[in-house]
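Participant: coordinates for the following, if possible.
(one chain, ligands or ions: 3)
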Amino acid sequence: MDEKFEEILEAIWAAGENNNFSVEAISKRCAVDFNDADLSELEKEGMIVKNADKVLFSSKGKEVAQSIMRRHRLAEVLVTSILKVKSSEMEKIACQVEHCLQPEVEESICILLGHPEICPDGKPIPKGKCCDHDVKVVNNMVVSLKELAPGEKGKITYIKPGSHSNLHQLISFGLNPGVVVTVHRKNPAFCIKFENTELAIDEEIVKNIFVWRLVN
Ligand SMILES: [Zn+2]
Ligand SMILES: [Zn+2]
Ligand SMILES: [Zn+2]
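Facilitator: Ligands and ions are numbered 1, 2, ... in the order given. So this is what the prediction gives:
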């Protein structure tokens, strides 16, 4: 979803926490400007229902907003407690971070932070699956692709430029950050699959490709 719409849903959620469902209360809390056309768009997508001046979530919209709010408030805890960002800047940075937290990263951050229940300004953080099970071990750490066993999947986070020509070669194959690769086999050659491509890669290069380990 567009970042702007994510921000609007976030503002609707925050206003609703104070039992205020008016457009005015929502725009006061929203990090971006929006107009009636944006609200109509959200209504068309089945996220909200407009009723006179009130804006209410549909059940789908509520679910989406809850997950955005969770990412936003986890990002707040992250930037204040780990990155030690000043509280005056927290809100802005948290808003940027929330949009790029992918689900597997979100869970790892929640575990690393000890499943925080409230954000730095005292608002509740919606729980995730990891919180209900009180997971203590982060599975989805960044590892070298070399660490994955045959059949395991990883999402590329970065590629260390080992040698210049190698890096160009990988990119020309479409191995960019964000791409999900599956280890096909490791013997006699390291072989991966991604997006309908099967590729044998030199061990030296495999070592320099880092991925989020994805749990199937
Ligand atoms: Zn935000
Ligand atoms: Zn907060
Ligand atoms: Zn958690």
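
Participant: helices along the chain, start to end?
Facilitator: For the chain, applying DSSP state H gives helices covering 3-17, 23-29, 36-44, 59-77, 87-100, 103-112, 129-132, 164-172, 203-207.

Participant: now render the ones you listed as JSON lines, adding mean pLDDT and mean neighbour count.
Facilitator: To be clear about C-beta, it is placed using only N, CA and C from the backbone, and glycine gets the same treatment. Output for the helices of the chain, formatted as JSON lines (pLDDT from 0 to 100; neighbours: other Cβ atoms under 10 Å):
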{"stretch": "helix 3-17", "mean pLDDT": "94", "mean neighbour count": "20"}
{"stretch": "helix 23-29", "mean pLDDT": "95", "mean neighbour count": "17"}
{"stretch": "helix 36-44", "mean pLDDT": "95", "mean neighbour count": "14"}
{"stretch": "helix 59-77", "mean pLDDT": "94", "mean neighbour count": "20"}
{"stretch": "helix 87-100", "mean pLDDT": "82", "mean neighbour count": "15"}
{"stretch": "helix 103-112", "mean pLDDT": "85", "mean neighbour count": "18"}
{"stretch": "helix 129-132", "mean pLDDT": "90", "mean neighbour count": "14"}
{"stretch": "helix 164-172", "mean pLDDT": "71", "mean neighbour count": "13"}
{"stretch": "helix 203-207", "mean pLDDT": "87", "mean neighbour count": "15"}
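
Participant: so which of those helices is nearest residue 182?
Facilitator: Nearest to residue 182, of all those, is helix 203-207, at 13.4 Å by Cβ to Cβ.

Participant: up against ligand 2, what does the chain have?
Facilitator: By Cβ under 5 Å from the ion, the residues of the chain that approach ligand 2 are 76, 119, 121, 123.

Participant: nearest residue to the last one in space, please, no chain neighbours.
Facilitator: Okay, so that is residue 123. Spatially, and ignoring its direct neighbours in sequence, residue 123 is nearest to residue 73 (6.4 Å; Cβ to Cβ, 6 or more residues apart in numbering).
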